[in-house]
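[1] Have a look; sequence and predicted model below, questions after that.
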Amino acid sequence: MGVRMRLTAVDTVYEERSWLFTVRDQHGEKEEVILVPCTDTVAGSRDDGRSDDGGSGGGGSKAAGSTGSTGETTSSEGDGGGTAAGAGNGTAVEAWVNQCTHEFQRLDRGMGAAMRDGQIICPKHGSMFDACSGYCDNGEAADTTLPSVEVAVDGGDVYLTDDEVTFLHQGGIDEGDDGDGGPSSTSHLSL
(Lines give C-alpha, C1' and ligand atoms only; values in the text may rest on other atoms or scores of the structure.)
Protein backbone atom coordinates (compact mmCIF):
# COMPACT_ATOMS: atom_id res chain seq x y z
CA MET A 1 0.00 0.00 0.00
CA GLY A 2 1.24 3.50 -0.86
CA VAL A 3 0.80 6.76 0.99
CA ARG A 4 -2.42 7.25 2.95
CA MET A 5 -4.24 10.56 2.60
CA ARG A 6 -6.70 11.60 5.33
CA LEU A 7 -10.00 12.57 3.75
CA THR A 8 -12.45 13.29 6.57
CA ALA A 9 -13.91 11.92 9.78
CA VAL A 10 -16.25 8.92 9.63
CA ASP A 11 -18.76 10.95 11.67
CA THR A 12 -18.83 13.58 8.90
CA VAL A 13 -19.71 10.95 6.28
CA TYR A 14 -22.56 9.67 8.45
CA GLU A 15 -23.84 13.17 9.29
CA GLU A 16 -23.76 14.42 5.68
CA ARG A 17 -24.78 11.00 4.18
CA SER A 18 -22.11 11.47 1.47
CA TRP A 19 -18.81 13.29 1.10
CA LEU A 20 -17.60 14.40 -2.33
CA PHE A 21 -13.95 14.72 -3.37
CA THR A 22 -11.88 14.88 -6.56
CA VAL A 23 -8.95 12.71 -7.57
CA ARG A 24 -6.65 12.41 -10.57
CA ASP A 25 -6.66 8.90 -12.03
CA GLN A 26 -3.67 6.99 -13.40
CA HIS A 27 -4.34 8.45 -16.87
CA GLY A 28 -4.21 12.05 -15.61
CA GLU A 29 -7.97 12.58 -15.77
CA LYS A 30 -9.91 14.21 -12.95
CA GLU A 31 -12.62 12.07 -11.41
CA GLU A 32 -15.17 12.72 -8.68
CA VAL A 33 -15.56 10.20 -5.86
CA ILE A 34 -18.16 9.95 -3.10
CA LEU A 35 -17.78 8.49 0.36
CA VAL A 36 -21.00 6.97 1.66
CA PRO A 37 -21.98 5.25 4.91
CA CYS A 38 -22.24 1.48 4.67
CA THR A 39 -24.35 -0.12 7.36
CA ASP A 40 -25.85 -3.16 5.58
CA THR A 41 -22.95 -5.45 6.49
CA VAL A 42 -22.59 -4.26 10.06
CA ALA A 43 -24.01 -6.66 12.61
CA GLY A 44 -25.68 -4.80 15.45
CA SER A 45 -25.50 -1.40 13.76
CA ARG A 46 -28.09 1.30 14.29
CA ASP A 47 -29.56 3.69 11.72
CA ASP A 48 -27.00 6.37 12.61
CA GLY A 49 -24.20 4.04 11.54
CA ARG A 50 -22.74 3.51 15.00
CA SER A 51 -22.53 0.08 16.52
CA ASP A 52 -24.56 -0.69 19.59
CA ASP A 53 -21.34 -0.84 21.63
CA GLY A 54 -20.24 2.64 20.44
CA GLY A 55 -16.92 1.45 18.97
CA SER A 56 -14.94 3.34 16.35
CA GLY A 57 -12.08 2.89 13.91
CA GLY A 58 -10.71 -0.39 12.66
CA GLY A 59 -10.46 -1.87 9.24
CA GLY A 60 -11.75 -4.53 6.97
CA SER A 61 -12.24 -5.06 3.32
CA LYS A 62 -15.07 -4.39 0.97
CA ALA A 63 -18.44 -6.11 0.94
CA ALA A 64 -18.95 -9.38 -0.87
CA GLY A 65 -19.40 -9.17 -4.62
CA SER A 66 -17.38 -5.98 -5.00
CA THR A 67 -13.87 -5.21 -6.03
CA GLY A 68 -11.66 -2.63 -4.46
CA SER A 69 -11.70 -0.99 -1.06
CA THR A 70 -9.50 -2.50 1.55
CA GLY A 71 -9.09 -1.37 5.07
CA GLU A 72 -6.34 -1.87 7.59
CA THR A 73 -7.04 -5.52 8.37
CA THR A 74 -7.94 -8.58 6.35
CA SER A 75 -11.44 -9.53 5.31
CA SER A 76 -13.66 -11.69 7.45
CA GLU A 77 -13.43 -15.47 7.18
CA GLY A 78 -16.26 -17.69 6.05
CA ASP A 79 -18.17 -17.40 2.79
CA GLY A 80 -15.35 -15.53 1.03
CA GLY A 81 -17.04 -12.15 1.38
CA GLY A 82 -15.64 -9.35 3.50
CA THR A 83 -17.08 -6.24 5.01
CA ALA A 84 -16.73 -2.55 4.23
CA ALA A 85 -13.82 -0.43 5.45
CA GLY A 86 -14.27 -0.11 9.20
CA ALA A 87 -17.37 -2.31 9.25
CA GLY A 88 -16.30 -4.35 12.22
CA ASN A 89 -17.62 -1.75 14.61
CA GLY A 90 -20.32 0.24 12.85
CA THR A 91 -18.19 2.94 11.26
CA ALA A 92 -18.12 1.52 7.74
CA VAL A 93 -17.73 3.71 4.66
CA GLU A 94 -17.25 3.04 0.96
CA ALA A 95 -15.88 5.17 -1.86
CA TRP A 96 -17.43 5.06 -5.33
CA VAL A 97 -16.77 6.92 -8.57
CA ASN A 98 -19.46 9.61 -8.67
CA GLN A 99 -21.14 8.49 -11.87
CA CYS A 100 -24.09 6.28 -12.72
CA THR A 101 -23.09 3.19 -14.69
CA HIS A 102 -26.00 3.64 -17.12
CA GLU A 103 -24.90 6.96 -18.59
CA PHE A 104 -22.93 9.98 -17.49
CA GLN A 105 -24.89 11.28 -14.53
CA ARG A 106 -23.36 12.48 -11.28
CA LEU A 107 -24.84 10.73 -8.24
CA ASP A 108 -23.81 13.65 -6.01
CA ARG A 109 -24.25 16.93 -7.88
CA GLY A 110 -22.60 18.95 -5.14
CA MET A 111 -25.50 18.84 -2.69
CA GLY A 112 -24.99 15.31 -1.36
CA ALA A 113 -26.02 12.02 -2.88
CA ALA A 114 -29.67 11.04 -2.57
CA MET A 115 -29.84 7.93 -0.40
CA ARG A 116 -32.60 5.70 0.92
CA ASP A 117 -32.45 2.43 2.84
CA GLY A 118 -28.69 2.02 2.33
CA GLN A 119 -28.83 2.72 -1.39
CA ILE A 120 -27.51 5.57 -3.54
CA ILE A 121 -30.20 6.84 -5.92
CA CYS A 122 -29.34 8.03 -9.44
CA PRO A 123 -31.16 11.37 -9.80
CA LYS A 124 -31.80 10.88 -13.53
CA HIS A 125 -33.50 7.49 -13.88
CA GLY A 126 -33.85 6.32 -10.28
CA SER A 127 -31.54 3.31 -10.39
CA MET A 128 -30.44 2.41 -6.87
CA PHE A 129 -26.91 1.25 -5.99
CA ASP A 130 -26.16 -0.61 -2.76
CA ALA A 131 -23.93 1.68 -0.67
CA CYS A 132 -21.83 -1.26 0.54
CA SER A 133 -21.33 -3.27 -2.67
CA GLY A 134 -22.03 -0.66 -5.38
CA TYR A 135 -24.32 -3.16 -7.12
CA CYS A 136 -27.55 -2.07 -8.82
CA ASP A 137 -30.41 -4.53 -9.28
CA ASN A 138 -33.04 -2.22 -10.81
CA GLY A 139 -33.76 0.41 -13.42
CA GLU A 140 -31.60 1.42 -16.36
CA ALA A 141 -28.36 0.49 -14.53
CA ALA A 142 -29.51 -3.00 -13.46
CA ASP A 143 -26.79 -5.67 -13.14
CA THR A 144 -23.93 -3.16 -12.98
CA THR A 145 -21.60 -2.14 -10.16
CA LEU A 146 -20.13 1.28 -9.43
CA PRO A 147 -16.35 1.49 -9.81
CA SER A 148 -14.73 1.61 -6.38
CA VAL A 149 -11.88 3.62 -4.90
CA GLU A 150 -9.89 2.12 -2.03
CA VAL A 151 -10.28 3.70 1.39
CA ALA A 152 -9.54 2.64 4.97
CA VAL A 153 -10.91 3.68 8.35
CA ASP A 154 -8.46 4.21 11.19
CA GLY A 155 -9.16 5.91 14.51
CA GLY A 156 -12.46 7.40 13.31
CA ASP A 157 -10.94 8.95 10.17
CA VAL A 158 -11.25 7.90 6.52
CA TYR A 159 -8.06 7.60 4.47
CA LEU A 160 -7.61 7.32 0.71
CA THR A 161 -5.39 4.26 0.15
CA ASP A 162 -5.88 3.67 -3.59
CA ASP A 163 -2.50 3.69 -5.38
CA GLU A 164 -4.21 4.34 -8.74
CA VAL A 165 -5.53 7.81 -7.83
CA THR A 166 -4.17 11.02 -6.31
CA PHE A 167 -6.28 13.23 -4.03
CA LEU A 168 -6.78 16.73 -5.46
CA HIS A 169 -9.38 18.42 -3.23
CA GLN A 170 -12.68 18.15 -1.39
CA GLY A 171 -15.74 18.83 -3.53
CA GLY A 172 -16.49 18.37 -7.20
CA ILE A 173 -14.13 18.80 -10.14
CA ASP A 174 -15.14 22.41 -10.80
CA GLU A 175 -14.84 23.42 -7.15
CA GLY A 176 -11.05 23.13 -7.16
CA ASP A 177 -10.30 25.41 -10.11
CA ASP A 178 -7.60 28.00 -9.56
CA GLY A 179 -9.83 31.00 -10.30
CA ASP A 180 -11.42 33.25 -7.70
CA GLY A 181 -14.78 31.56 -8.15
CA GLY A 182 -16.30 34.60 -9.86
CA PRO A 183 -17.52 34.83 -13.43
CA SER A 184 -15.03 35.48 -16.17
CA SER A 185 -15.66 37.77 -19.10
CA THR A 186 -14.19 38.00 -22.57
CA SER A 187 -16.47 40.80 -23.65
CA HIS A 188 -15.02 43.56 -25.83
CA LEU A 189 -17.33 46.12 -24.20
CA SER A 190 -16.04 48.46 -21.54
CA LEU A 191 -17.93 50.80 -19.25
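    On my side now, so go ahead.
[2] S148 is in contact with Y135, isn't it?
    No - if you go by Cβ atoms under 8 Å, S148 and Y135 don't touch, sitting 11.0 Å apart. Where C-beta positions appear, they are placed from N, C-alpha and C, glycine not excepted.
[3] In the chain, mark out all the helices, start to finish.
    10-16 (DSSP state H).
[4] Can you pull the poorly scored residue ranges out of it?
    1-2, 40-91, 176-191 (pLDDT under 70).
[5] Repeat the analysis, applying 80 as the threshold.
    The chain contains residues with pLDDT under 80 at 1-3, 40-91, 175-191.
[6] if I pick the nearest residue to F21 once chain neighbours are set aside, what's in contact with it?
    Distances taken as Cβ to Cβ, 6 or more residues apart in numbering place Q170 nearest to F21, at 5.1 Å, with adjacent residues excluded. Taking Cβ atoms under 8 Å, 6 or more residues apart in numbering, we find Q170 in contact with 7-8, 19-22.
[7] quick one: which of these is most hemmed in?
    Compared across those, W19 has the highest neighbour count, 26 neighbours, by other Cβ atoms under 10 Å.
[8] Report the contact partners of the residue lying closest to it once chain neighbours are set aside.
    With Cβ to Cβ, 6+ apart as the criterion, W19 has its nearest non-adjacent residue at 4.2 Å, and that residue is L35. Contact analysis of L35 by Cβ under 8 Å, 6+ apart lists 7-8, 13, 18-19, 21, 93-95, 151, 158.
[9] Just name the closest of these to E31, please.
    Within these, the smallest distance to E31 is 9.9 Å, found for F21 (Cβ to Cβ).
[10] partners of that closest one in the sheet?
    V33, Q170 (DSSP bridges).
[11] I'm done for today, thanks for sticking with me.
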